[in-house]
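1. Attaching a predicted model along with its sequence, questions to come.
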Amino acid sequence: MTSVVSNEPADEHSEDAVSAGMSRRSLIRAAGVGTLALGLGAATPAAIAATREELSPATGAPPLPAGFWQTFTSRYIDAGGLRQHIVTGGEGPPLLLVHGWPQTWYAWRLVMPALARQFTVIAPDQRGRGLTGKPADGYDTGTLAGDLAALMDALGHQRFAVAGHDTGMVISYALAADHRDRVAALAVAEAVLPGVQPSPPLFLPSATNEHLFHLMFNRLPTMNEQLVQGREDIYFGFIFDIEAGTIKLPRYAVRTYIDNLAAVPGALRGSFGFYRAWDVTTMQNAQRATPKLTIPVLAVGGAQSSADGVGKAMMLAADNVQTVVIPDAGHWVVEQAPGPMLSALTAFLAPYRAANNARPQTAGVQPS
Amino acid sequence: MRSSSTRLPSPTGPGSVSTAPNLPAGFTGTFKSVYVNIGELTLHAVIGGDGPPLLLVHGWPETWYAWRLLMTALARDFSVVAVDQRGIGLSDIPADGYDTGTLAGDLVKLMDALGHPRFALAGHDTGMPISYALAADHPDRVDRMAVAEAPPPGVPPIPLMWLPAPANEREFHLMFNHLPTMNDQLINGREDIYFGFEFDIQAGTSKLPGDLIRYYIDILTSRRDALRGSLGWYRALDATIAQNEQRVMHKLTLPVLAIGGEQSLGTRPAEAMMNAAENVQGLVIPGCGHWVMEQAPEAMLAALTAFLAAYRAA
């Protein structure tokens, strides 16, 4: 049913292999393989490793840093009533990486190897995204944070650091605020906090309007999906381009994300889930903001995107906020500027790491 | 007035009077479609009636046809001009000029060509900010104006982006239509989905009939550039807003009637116009959504007739 991920063939890391053009038929077949494998009934959910094809059903093997699968494994964890797909590896205090829209765990690939030298890294696919389950409901950040708290319970991590990007920022904030005894340090990037910061105006200059229109469009209950279905290239191609600024994401990465949205059943609907629950998240955030978080918070923005806006938003919700603006980067900071992101993260997490290395987390799950 | 208009070419075909479905009795005997060359482009207008001139300006995503249920009654007292905006219906679709200042200039040239130096004005939806621009930029031309269901962008109060879900559904198009690209690629070939949604979501509880929506959507797919023309007003929002931020510094003095549907914008059109004009009456049409002329024609006619009585008498 499953194949243990071990030595990957050397050619799977080449961009050429991916952009050589997987046929649409092979995308669907690969997705089917993944689904079938899950359906055969696992004994120990934590021991299931997804096949390489399941990890990115669309492309089969998206390019990854050399040696990635020697450090990391892919797992399905049943936690919080949800089958959660994670990519995990490394040694040290636990660090949870929460991706944003319209991405998956893959958004963290460029920083995961270095982080794994200092931390036990856990990069899940959110509810509704990637290979994680896609229920109809539960996309408010309270429930999404609950998914992650349950995940960390299942993995045996009582206390951990969290880094969240885009919608992952809003989810990570909920996690830190709703589970204050669990989160030791919070790093967030490139999103807004509805219910905490005031709404921007509806009418914005054209360039800004292009960056933010999705905050209204994505919230529609059905029509957005009807327009985008079958036209994922158009919609998400635009989003990846317009949010990038001057440094565009490589084609293989955009292709990986878009194929995931187009080929995985329920992924498109799941990707709108966070936005469709906006009203509930807003009400929750209005409650969360008092009292403010006391843990250390790192607020990161790309200079060509949110810049210091993230810091300003977080200061409304937290007392201890450091702001970092990454030059030349747009919205996709982790992929556009992995070096500066790593520097900022590791510097920020150094006290957490130092405080926790005296008490290593063991709790029954072997690191890969 | 009639003698000048008989010299104007008359379109037939989709979007014109002669092929319009479900017209009230007597409509085709009173009104006709004309093409009016205003220099930079040619506009289509439906004209008819006797009396002081009254210009009717439709909104998005409609055409002159939105006024049909009121026009025969209005034609008894007024020379009615129901225009297709630049880019829409049977009017030309130039590359530029969709800011409300230029669109207002189109209408002034239209009324010049038809021989009307001074007129009353009614505007719905995007036609409301166009009417505001016309009254502000050409105050000597407009006697009074009735406007409905679209506070002019840039006139306070400033609308917010993050709204409860039902309001978000009604207002997201103000950001989506503004995109310079991509919106048309998503809509193209899926006009039924997009415009069908808009006609539904803006209506409130009393939906417009399916064949009426079909009529408007067919016009939006009838010409190669119809979609581009339809989005033009929104894509020019930056310029319109900059203009309105200037216009609002000098309040209009002409009489203004500002109308909202109870299930749609309610008092918001009046609230905005009170920031832009000194002499504003507000009206909320009970039980009515965004499509006020088509959902509540009797109420609209009564309101317009009362509001225009002083203009008619003078």
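-> Ah, there it is.
2. Show me what from chain B comes close to chain A.
-> Along chain B, the residues adjacent to chain A under the rule CB under 8 Å from any CB of the partner chain are B:153-154, B:158-165, B:168-169, B:171-172, B:174-176, B:178-182, B:185-187, B:190, B:193-194, B:197, B:235, B:237-238, B:241. From N, CA and C alone the C-beta is placed, and that goes for glycine too.
3. who touches the residue nearest the centre of chain A in this structure?
-> The centre of chain A sits closest to A:His99, judged by CA atoms, centre = their mean, with a distance of 1.2 Å. Contact partners of A:His99, counting by CB atoms under 8 Å, 6 or more residues apart in numbering or on different chains, are A:105-108, A:123, A:125-126, A:129, A:165-166, A:168.
4. Now the buried members of the residues of chain B next to chain A.
-> B:153-154, B:159, B:161-163, B:168-169, B:171-172, B:174-176, B:178-179, B:182, B:185-187, B:190, B:193-194, B:197, B:235, B:237-238, B:241 (16 or more other CB atoms under 10 Å in any protein chain shown).
5. Out of these, which sit inside helices?
-> B:168-169, B:171, B:174-176, B:185-187, B:193-194, B:197, B:235, B:237-238, B:241 (DSSP state H).
6. For stretch A:197-216, C-alpha coordinates in CSV please.
-> As requested, C-alpha coordinates have been extracted for stretch A:197-216 and formatted as CSV (Å, rounded to 0.1, in the frame of the first residue of the first chain):
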residue,chain,number,x,y,z
GLN,A,197,-6.8,45.8,12.6
PRO,A,198,-9.3,48.2,11.0
SER,A,199,-10.6,47.3,7.5
PRO,A,200,-8.9,49.0,4.6
PRO,A,201,-11.1,51.1,2.3
LEU,A,202,-12.9,49.3,-0.5
PHE,A,203,-11.7,51.7,-3.2
LEU,A,204,-7.9,51.5,-3.5
PRO,A,205,-5.5,52.6,-6.2
SER,A,206,-5.3,50.1,-9.0
ALA,A,207,-2.0,48.5,-8.0
THR,A,208,-3.1,47.9,-4.4
ASN,A,209,-6.5,46.8,-5.6
GLU,A,210,-4.7,44.0,-7.6
HIS,A,211,-3.0,42.8,-4.4
LEU,A,212,-6.1,42.8,-2.2
PHE,A,213,-9.2,42.1,-4.3
HIS,A,214,-9.0,38.4,-3.5
LEU,A,215,-9.9,39.3,0.1
MET,A,216,-13.5,40.0,-1.2
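7. mean confidence score for it?
-> Along stretch A:197-216, the predicted local confidence has a mean pLDDT of 98.
8. in that stretch, what counts as buried?
-> Burial within stretch A:197-216, assessed by neighbour count using 16+ other CB under 10 Å, is assigned to A:197, A:200, A:202-204, A:209-216.
9. Report the separation between B:Pro157 and B:Asn244.
-> Using CB to CB, to the nearest Å, one obtains 13 Å as the distance from B:Pro157 to B:Asn244.
10. Please apply the same query to A:Thr290.
-> Going from A:Thr290 to B:Asn244 by CB to CB gives 38 Å.
11. Which of B:Pro157 and B:Asn244 has more residues huddled nearby?
-> For B:Pro157 versus B:Asn244, the count of surrounding residues by other CB atoms under 10 Å in any protein chain shown is larger for B:Asn244: 25 against 10.
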